[in-house]
Structures are given as structure tokens and as C-alpha cells.
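Enquirer: sequence and computational prediction follow.
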There are 4 protein chains.
Amino acid sequence: MIEALSERRAALWKEFIEGSRFARCVLEEDFDARLIAIYLVETYHYVVHNPRHQALVATRDVDIHPNYRKFCLAHADEETGHELMALNDARSLGVFGKCLALPAALHSTEMLNAYLYFISLNGNPLRRLGYSFWAEDSYQHFKPLLERTVRHLGLVSSQLTFLIAHSNIDQEHSRDVVETLSLYCRTPEDWAAVQQVMEGSLRLQFAMLEEIHDSYREMVRGERNRYSALLPH
Amino acid sequence: MIEALSERRAALWKEFIEGSRFARCVLEEDFDARLIAIYLVETYHYVVHNPRHQALVATRDVDIHPNYRKFCLAHADEETGHELMALNDARSLGVFGKCLALPAALHSTEMLNAYLYFISLNGNPLRRLGYSFWAEDSYQHFKPLLERTVRHLGLVSSQLTFLIAHSNIDQEHSRDVVETLSLYCRTPEDWAAVQQVMEGSLRLQFAMLEEIHDSYREMVRGERNRYSALLPH
Amino acid sequence: MIEALSERRAALWKEFIEGSRFARCVLEEDFDARLIAIYLVETYHYVVHNPRHQALVATRDVDIHPNYRKFCLAHADEETGHELMALNDARSLGVFGKCLALPAALHSTEMLNAYLYFISLNGNPLRRLGYSFWAEDSYQHFKPLLERTVRHLGLVSSQLTFLIAHSNIDQEHSRDVVETLSLYCRTPEDWAAVQQVMEGSLRLQFAMLEEIHDSYREMVRGERNRYSALLPH
Amino acid sequence: MIEALSERRAALWKEFIEGSRFARCVLEEDFDARLIAIYLVETYHYVVHNPRHQALVATRDVDIHPNYRKFCLAHADEETGHELMALNDARSLGVFGKCLALPAALHSTEMLNAYLYFISLNGNPLRRLGYSFWAEDSYQHFKPLLERTVRHLGLVSSQLTFLIAHSNIDQEHSRDVVETLSLYCRTPEDWAAVQQVMEGSLRLQFAMLEEIHDSYREMVRGERNRYSALLPH
């Protein structure tokens, strides 16, 4: 089952990398640091919620194995504060203006958050693992985009701690997620619930990346949007 | 502001009707009652939550005008039980098999529910009106689809109470929503929040209609999916 | 069953009136308007939550008759804003100082709120009716205390709208509550759950009245407490 | 401040031990294992909620130091499953009958749970530490009661793991709680909020112990109550 899940995950990433405006821009086109700043601020906007909805799984009044509750709480503990890495990285790019108030999350980012709270609080309590399954493993898929970004913008690794340093932490988490899936998913319904959330939340992240790209393009065209005050250029 | 909101709503519906697989199928192609049954069951799956997230707005611990709280509660009261109309209509089509257990909501229906709970519980408490603004007014936009359905399947109006009888109730609600928006939306931020939720939730409903269509097509092609047990044909 | 519930309610009130420091003070001793002001502010502090926890019953994801959901929502609607009557009455007594910021709720008031949220969100969804059963009927039991207060402090009825005008509204509510209990309570477990909440929440209100009295006595003795800024005397 | 809090805690325990029916019974009178079984089942009923309301503090959408969030999550993780110790101990006493279904929590136990959920979700997010401040340190105060129980009933320590083995774990927790209070409580309001919750929740535990005693006495007198099926004697 894990293998089938991995294959589906790889196929979704491949489909995204090949068809996405965001990926094409980062891999092949010209762009400036504002694109990466928007990406990092939106990343802040969803990562800040990770420990909260993760912990909510453990507070549910349904039949949950105590050790799975413990996994959820320990995992929530470890994820706390990671959003600050993304925010520090965004600041380090040197494109923030005088007004440092972050704009509200983009619509697609809010959708991702909405979905993750909903699936954490409703339905099969194991299904949030479908989100962790791709989220803790996304670095390998991001690697080509990361490398082009570093090269194209002349960055150093201390400016991208969320993507670089964080990836080491997440490799261990990724193994924990696979082990937890193997331990607690018992029925075909469990696996189907996990797969639906994996696919649903990954597609929402892809939609977020597209909206990030489109917001950046608006700024390049000189249109005002919610990022204009933060990134006056 | 109401006018700008109405124009945007009309433009979104137009874009949907013109580009949608669901709309083309219902307006121009051949289909059987299973398509409408799936539509009604998914409608049940989101309508059953309407009074719940509507009431949650009134329970929030933020500064809300008492009369807007009362609007939310009265509106939640009126919406309670409407999902049963959709379910009765689905039953009346004569396509349910022996197993009457409803399948779980489709992914896009669950996304709509997730989004509506999230925006009801977070952010500007007025913004849920953006959902009511289109939901209570959707009958005029559905009218051509409804007429073709009645003609094509040879239905009588008692088989589509949710869409027909309900539309009269909703016309009054629609006026209430406009009046409530006029009374309580004061700032550009209020109107922007309402518009974002109108657009966001309407697009999610459109996505739901496309997934309904695609699920129906799977069944036509003889593929098994979550509706196979309910609609054995 | 309703009769048994009524008898228990009467017995609890009798026990309270006979043994309570608050009741003895109001019925027989000397006191000034600060006692009533504290009573009205604490009343504000719990009444403001009534529509919220009442509405939460209707949002629960458990098997609840649609008409009981509608009762909860309609009742929450009617209760909205009643806390403002208590606050206006408190202001009309002429004992507020310059600082109008309300002190935080007393411990026993907070306990009452905590209990009402908990029983609204957990366990038998009918059991909150045990609270409404006494709350909508408390005016007759308060009547002697009310009359002595009016006499002793020389008040007019427009200064005690919450206790006087409100009592007419609540008589109707009280009949609704009895009817709702009769309609939806079916099993001995239902009735036992209702009775436990009636007794539990009524005892918490009695504890609140005692703490109100004790806070007033502290002020008479010249001790500082959380009401000193509001009621400088 | 910690010292003042400790003194108040000691004074409350002293007042309880001296005036309590439960304490007098355990320290001086005759009793059988049913009293301890009821105590352990009610302990199960509140301890099972500890990790849930502890984790909820960390999910709140208010300004909370990331490290205090991490404390809450790590502490919730450690508390998970401790209720099973209390349940196993209850079983080991050999007084359970054939029907093993636990009775619902006593009213005072439910009040304690209600209060802990409420203060975890509302008001000053630090104030739940007031509960941990006494809960992780209660073993020294329980020690004389524990020793008489062991002597009077002829128990071995493996029958009271919750009270004996658990006490070692909690000594470390107790130090963590003191350290966390020192780190994050900054204002007089923080300390007052912590003290109010310490006192409020400790008094609720004392009320629970009295109701446990009274329930046991009912059984001794041959009256039926909710424990009659579990402890038929």
C-alpha cells in the first residue's frame, strides 16, 4: 500500500512539474526575488497552522490508538515554530519594503488550511497522514526548483533555511509517517481515506503555487495586489 | 457594492455555464437519471452542513452586531432540514438500488464543506454572506439546466422539490442577504472579504458539479466508483 | 416526568432561599445598590453566553431530530442581546464610577459558563433543556427578592427590565421548554440527563449568588476586590 | 510568586484533609475496596481528558510563545494513556462484577472536566498551568491516604500504579511546571489567572472526592446508584 501511495505521489508531482506555470517560471524563465518572497510568505501562512491541526487530531473524542495520539502530539510539537524559518528566509531576500505587515493568505492558501482543519477534525482520524506523507517528503521534488532559484538569484543557503536545513529534519519525519501508516492503517477504508487526503491536499498545494506565480506576474505587469505594500520593488 | 457583487456573480455563472462539462451534458447531451441522483446526493452532503456553519458564525467570540447574530441564527433555523428535500427527490427518481447507504461525499463536496466551516469560524464574520449571496440566488442560473432535465427525463415537479419549491423560499432569503450586507458591511475590507468568499465558494460548487459529471461518466463507461452500490442500474 | 422535575426544582429553590446568604441579605438585611449592580454584571457575564451554547447544541454532529435543532436555533435567536438589558439596568442604578470597564466574571460565574458549554457540546444533546427548564422559570422564585429590592432601594420598574419585562418573555419560553421536553425526551436516560443538568446548573447559579453576596460584603468592609474600580462608592 | 502559590496550595490541601468526609474515612474509618475502585474509575474519567485539553491550549489562535506551545504539546504527549493505569488498578482490586461497562462520570467529575476545557480554550492561555501546578504535585498530599489504604486493604504496590509509579513521573513534571511558570508568567494578571485556576480546579477535585465518598456510603447503606452494576459486592 505504501508503494502504491508513493507511486501516486510521484505521478502527481510529475504532472505538476510538467504542467505548472510556477514550475516553468522557476525552472526556465526569468524571475526576481519577489516570486520567492511571495512563496515564503504563503508558506508561512500554511505552515503556522500545521501544529494546530495536527494536535487537533489527538483531541478528538473518537476511538484512536493511544500511540497514534502520541504520534500526533509529538509531531505537532516538532512542527511548532517552523513557520518562522520561512518568514526569516523571506526577510533575508532584501525585498521587503518599509511596511512589514504580512498580507492575508491568498485564497488557495486559505483553502489548503480549511481543508487540513476539516480533515483533521472530521472523518477517519488516520487520514491526515495522507498530508504528512507528501509534506515531509516534498524536498526531493522541490530540489530542481530550489537549485535554479539559488543559481538564478545568487542566494546562499542561509537564506533558504526552510527549504534546506528543514529538509534534513523532514527526512526523519517522513520515515516516521511511513512507519505510522504501516502500524495503524488496517482496512481498505483507512488506506482510501489516506490516499484521498494525500491527493486532495497535494493538489491544493499545487493550486497555491499557481496562485503565487500569478500574483507575482501581476506585480511584474505593474498591477497592484495584496503584496504591493510588502514588496514595493 | 451590491451591484458590483451581482455582476461578478453573473460573470462567474456565465463562465461556468459556457465552459462546464456538467452544464454541456445537461443542456445538450444524452444522460439518464443517475446524473441527477448523484447531483442530489452531493447536494444533500453539503446542504446538511448549511445550518451548522451558519449557526457557528453566531457563536464566535468576536465583536459582532447582535442583529447580525440574530440573522445568522434565524437563517440557520430556516435552513434546517432542507437537505431532506434533496434526498427525497433523489429517492423519487427510482434509480436507487437495494443498498440505500449513501456514499461518502465526493472530494470536491468535502472541499466546499471544509471551506465553509473555515470561513464561518475564522476571519471577518461577515464574509459568510458571500456564500449566501450566490446560494440563495442560484435558481435563476440553474433554470435552463432544470428545464432540460425535466424535459429530457420526463419528470414532474414533485420529483424536484429541492430545486423548484425551494426556489420560492430562497428568493425571500436572497432579499434578506442583500439587506444584511447593506446594513452591516461598512469598510472596503468587509466587501473584499465577502467577494472573496462569494467567488471562492462558487468556484468550489462549480468544481463539485464537474466531479459529479465525471463520476456519472465513469458509471456510463461501466467503471466502478463510490456510487456503484447506490445506483446499480 | 415533568412534574417530578418541577418538584425537584421547587425543592432546590426552597433549600436555597432558606439557607443562602444572598437571599437572607436581600430579604431581611440592609444593603445598597452595589449588591444589585454586582448581581446584574454577573448576570450579564453568563447571559451573554446563553445564545452561543444554545446554538452549539444545533451544530453537533450527532443524531438530533431536525425539529429539536430548530428549537435550539430559534431559542438562541430569541436570547440574543438579553444580556444588554442586565447591563443597562446595572447602569441605571447610578453606582458605576468613571471607569466603566467590566471586571472579569467571578469564579462561580465562569464555572456556570464552563459547565453550560460542556453539557451543550458533550453527552446527551437533550440535556441542556435541564438548564432552560429552571432558567426560563426563575422569575417566580426571584419575586420576593425582587420586591424587597424595589422597596428597599426605592427603584422603579424601568431600572430592572431584565427581571421584570424579561419575565413575560420567559413565561412563553418556559412553556416551549416543557413542550420540547415532552416531545423529544423518550428514555429514562434522557430524563436522567436532563435532571442532572437542571440540578447541576441550578446549584452553580446558587453558588454564583453566594459569591456575589460575599464580594459585596468585602466592599462593605472596605476591602478591595475586582469590583472596586467599577463601584467606587 | 511561586512560593505564594505553593503556600496557598498547601493551605487548601490542609483545609481539605481536615474537613473532608473522604479524607476522614480513608484515614480513620473502616472502608472496603469499593471506595478505592470508585476513586480510580472517576480518576480515569478526568485523567483521560488531560492530554486533550492540554493540547487544545496549543491550538489556540492567540499570541502564545512558541516554546509554551511546545511545552503544552510535549506535556499532552506524556500524559496520554495514563488513564489506563487508573483503570488497570481499579480492575486489580477484584471488586468489579460481570458487567464491566463503566458508569458515566459523577457530576463533580464532569464539572472538573468542564472547567478544564473552558479555561484551556478561553482567557489567559497560561492559566491552565494553575491546574498542572497542583495536579503534578498531589502525591505528597495523598501519601497518608495512600499508606492507610495499602495497610487497611492489604494491597501491594502493583495494584496502585497510578498513585505510586506515576508519582515519580510527576515529580519531574512538577519541576517543568514551575520552570514554565517562571519563564512565561510576566504580569500580575498572569499570576492572578494561574492562581484562580489552581484554586478553582483544586476545589473541584475536592468536591469530586466528597462525591466519591458519598457514592460509596450509599452503597454501604444498600442504596442503588450508578456504581451498583460495576461493583455488585
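Expert: Alright, I've got the coordinates.
Enquirer: make it CA atoms for all contacts and neighbour counts henceforth
Expert: OK.
Enquirer: chain B contacts on chain A?
Expert: A:107, A:111, A:114-115, A:117-119, A:196, A:200 (Cα under 8 Å from any Cα of the partner chain).
Enquirer: mind listing what's buried in the longest helix seen in chain A?
Expert: The longest helix of chain A (DSSP state H) is helix A:188-220. For helix A:188-220, a neighbour-count test (16 or more other Cα atoms under 10 Å in any protein chain shown) marks A:190-213, A:215-216, A:219 as buried.
Enquirer: one step back: could you flag which of the residues of chain A next to chain B are buried?
Expert: So, by 16+ other Cα under 10 Å, the buried ones in the residues of chain A next to chain B are A:107, A:111, A:114-115, A:117-119, A:196, A:200.
Enquirer: narrow the residues you listed to those in helices?
Expert: Going by DSSP H, the helices hold A:107, A:111, A:114-115, A:117-119, A:196, A:200 from those.
Enquirer: hmm, residue A:34 is touching residue A:216, no?
Expert: Yes - between residue A:34 and residue A:216 there is a contact at 7.0 Å, judged by Cα atoms under 8 Å.
Enquirer: state the pair within the ones in helices among the buried ones among the residues of chain A next to chain B that is farthest apart.
Expert: Across these, no pair lies farther apart than A:107 and A:196, at 21.4 Å, counting by Cα to Cα.
Enquirer: other residues contacting stretch A:4-21?
Expert: For stretch A:4-21, contacts defined as Cα atoms under 8 Å, 6 or more residues apart in numbering or on different chains pick out A:23-24, A:134, A:141, A:195, A:198-199, A:202, A:206, A:210, A:213.
Enquirer: gap between it and the chain center?
Expert: 15 Å (Cα atoms, centre = their mean, to the nearest Å).
Enquirer: in that stretch, what's buried?
Expert: For stretch A:4-21, by 16+ other Cα under 10 Å, it's A:5, A:9, A:13, A:16-17, A:20-21.
Enquirer: same check, this time on stretch A:29-36
Expert: A:31, A:33-36.
Enquirer: which of those residues sits closest to chain D?
Expert: residue A:36 (25.1 Å; Cα to the nearest Cα).
Enquirer: for the helix or strand encompassing that closest one, packing partners?
Expert: Using DSSP states H and E, residue A:36 maps to helix A:33-47. With contacts defined as 3 or more Cα pairs under 8 Å, 6 or more residues apart in numbering or on different chains; DSSP states H and E, the packing partners of helix A:33-47 are helix A:82-92, helix A:107-121, helix A:188-220.
Enquirer: closest to chain D out of these?
Expert: Closest among those, using Cα to the nearest Cα: helix A:82-92, at 9.7 Å.
Enquirer: quick one: distance of the closest one to the chain centre.
Expert: That offset, for helix A:82-92, works out to 14 Å (Cα atoms, centre = their mean).
Enquirer: do stretch A:110-118 as well
Expert: 12 Å.
Enquirer: and the average pLDDT for it is what?
Expert: The predicted model assigns stretch A:110-118 a mean pLDDT of 98.
Enquirer: of the buried residues of stretch A:4-21, which belong to helices?
Expert: A:5, A:9, A:13, A:16-17, A:21.
Enquirer: quick one: contacts of the helix or strand of chain A with the lowest mean pLDDT?
Expert: When the helices and strands of chain A are compared on mean pLDDT, DSSP states H and E, helix A:165-184 comes out lowest with a mean of 87. Here helix A:165-184 makes contact (Cα under 8 Å, 6+ apart) with A:2, A:68, A:71, A:126, A:129, A:132-133, A:136-137, A:139.
Enquirer: list the buried ones in it?
Expert: Counting neighbours by 16+ other Cα under 10 Å, helix A:165-184 gives A:166-167, A:170-171, A:173-174, A:176-177, A:180-181 as buried.
Enquirer: from these, pick the one nearest chain C.
Expert: The closest of those, once distances to chain C are taken by Cα to the nearest Cα, is residue A:181, at 26.9 Å.
Enquirer: one step back: quick one: the helix or strand just after the helix holding residue A:36 near chain D?
Expert: Later in the chain than helix A:33-47, the nearest helix or strand by DSSP H and E is helix A:50-58. Yes - using Cα under 8 Å from any Cα, helix A:50-58 comes into contact with chain D via A:51-53, A:55-56, A:58.
Enquirer: output the contacting helices and strands for the longest helix of chain A.
Expert: helix A:2-19, helix A:21-28, helix A:33-47, helix A:107-121, helix A:129-135.
Enquirer: so residue A:216 sits right up against residue A:36, yeah?
Expert: No - under the criterion of Cα under 8 Å, residue A:216 is not in contact with residue A:36, lying 9.2 Å apart.
Enquirer: alpha carbons only: can I get stretch A:126-133 in PDB?
Expert: C-alpha atoms of stretch A:126-133 as PDB (Å, rounded to 0.1, in the frame of the first residue of the first chain):
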ATOM      1  CA  LEU A 126      -5.800   8.500  10.300                       C
ATOM      2  CA  ARG A 127      -6.400  10.400   7.100                       C
ATOM      3  CA  ARG A 128      -4.300  13.400   8.000                       C
ATOM      4  CA  LEU A 129      -1.300  11.100   7.500                       C
ATOM      5  CA  GLY A 130      -2.000  11.500   3.800                       C
ATOM      6  CA  TYR A 131      -1.000  15.100   4.100                       C
ATOM      7  CA  SER A 132       2.200  14.300   6.100                       C
ATOM      8  CA  PHE A 133       3.000  11.600   3.600                       C
END
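Enquirer: ok, and what's touching that stretch?
Expert: A:54, A:116, A:119-120, A:174, A:177-178, A:181, A:184-185, A:190, A:193-199, A:201-202.
Enquirer: look up how far chain C lies from residue A:11.
Expert: For residue A:11, the distance to chain C (Cα to the nearest Cα, to the nearest Å) stands at 36 Å.
Enquirer: can you check residue A:214 too?
Expert: Distance of residue A:214 to chain C, computed by Cα to the nearest Cα: 38 Å.
Enquirer: check what pLDDT that residue gets.
Expert: 98.
Enquirer: gap between it and residue C:207?
Expert: 60 Å (Cα to Cα, to the nearest Å).
Enquirer: likewise for residue A:21?
Expert: Distance from residue A:21 to residue C:207, by Cα to Cα: 64 Å.
Enquirer: ramachandran angles for residue A:164?
Expert: phi -100, psi -70 (degrees, to the nearest 10).
Enquirer: that one contacts residue A:157, correct?
Expert: Yes - with contact defined as Cα under 8 Å, residue A:164 counts as touching residue A:157 (6.9 Å).
Enquirer: okay, those two: which has more neighbours?
Expert: Using other Cα atoms under 10 Å in any protein chain shown, the more surrounded residue of residue A:164 and residue A:157 is residue A:164, with 15 against 12.
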